[in-house]
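K.L.:
no letters, just coordinates:
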């Protein structure tokens, strides 16, 4: 088993973050500023998970998970380019496929004996619960803060409405 180190811990936390954000993006009806902001976070975390995986090897060898990481880098990039080009069907297909891929990798990482996560689950379940709780909490905090208007790259509708009202009243 690999020793826990900063790379492995950050890889796991980013993967959990991606898993937590995915359903918000896929099942939320509106495709607005919040979707774009969370999408940028999701894509960044996906790239980190995929690229960091190439430095996490068992007994000096790559596994099929590294092939999945390479494939996921391609599909996330295609999904991002598709969104920029407003090809929504391609964007949706690539991003949902990437999410399914990380779900498969997660199941493998958690269930296969001899890997770091099953060992941690067996020896320290309270730490696992704590980290999972923090990831879920941080995901909710990000979503709520974006919902309330603290978006990336712009002002909120509420701020725009206040500015418009101030302009009308001369305040």
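P.N.:
Yep, that arrived. The structure presented is a predicted model; accordingly, all values stated were derived computationally and were not measured.
K.L.:
when you work out contacts or count neighbours from here on, use the C-alpha atoms and nothing else.
P.N.:
Noted.
K.L.:
can you list the buried residues in the host helix or strand of residue 18?
P.N.:
Assigned by DSSP states H and E, residue 18 belongs to helix 6-27. Using 16 or more other Cα atoms under 10 Å as the test for burial, helix 6-27 gives 8, 11-22, 24-25.
K.L.:
repeat that for stretch 62-78.
P.N.:
Result for stretch 62-78 [16+ other Cα under 10 Å]: buried residues 65, 66, 68, 69, 70, 72, 73, 75, 76, 77, 78.
K.L.:
please list the outside residues in contact with the helix or strand where residue 68 lies.
P.N.:
Assigned by DSSP H and E, residue 68 falls within helix 64-84. With Cα atoms under 8 Å, 6 or more residues apart in numbering as the contact definition, helix 64-84 has outside contacts at 43, 46-47, 50-51, 53-54, 88, 90-95, 97-98, 101, 105.
K.L.:
rerun that using 10 Å as the cut-off
P.N.:
36, 39-40, 42-44, 46-57, 85-99, 101-102, 104-105, 108-109 (Cα atoms under 10 Å, 6 or more residues apart in numbering).
K.L.:
buried among the residues you listed? Make that a ChimeraX selection.
P.N.:
The buried residues among those can be selected in ChimeraX (16+ other Cα under 10 Å) with this line:
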select :39,42,43,46,47,48,49,50,51,52,53,54,56,90,91,92,94,95,96,97,98,99,101,102,105,109
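K.L.:
which outside residues touch stretch 10-18?
P.N.:
So stretch 10-18 is contacted by 5-9, 19-22, 41-53, 56, 99, 102-103, 105-106, 109, 117, 131-132, 134-136, 138-139 (Cα under 10 Å, 6+ apart).
K.L.:
repeat that for 8 Å
P.N.:
Contacts for stretch 10-18 (Cα under 8 Å, 6+ apart): 42, 45-46, 48-49, 52-53, 102, 131-132, 135-136, 139.
K.L.:
which one of these is nearest to residue 147?
P.N.:
Using Cα to Cα, residue 139 comes nearest to residue 147 of those, at 12.2 Å.
K.L.:
low-confidence ranges in the chain?
P.N.:
Low-confidence segments of the chain (pLDDT under 70): 1-4, 150-171.
K.L.:
residue 103 touches residue 19, doesn't it?
P.N.:
Yes - under the criterion of Cα atoms under 8 Å, residue 103 makes contact with residue 19 at 7.2 Å.
K.L.:
all helices of the protein, in order?
P.N.:
6-27, 33-53, 64-84, 88-111, 116-123, 125-147, 157-169 (DSSP state H).
K.L.:
between the fifth one and helix 88-111, how big is the angle?
P.N.:
Just to be clear, that refers to helix 116-123. 50 degrees (axes from the mean of the first three to the mean of the last three Cα atoms, to 10 degrees).
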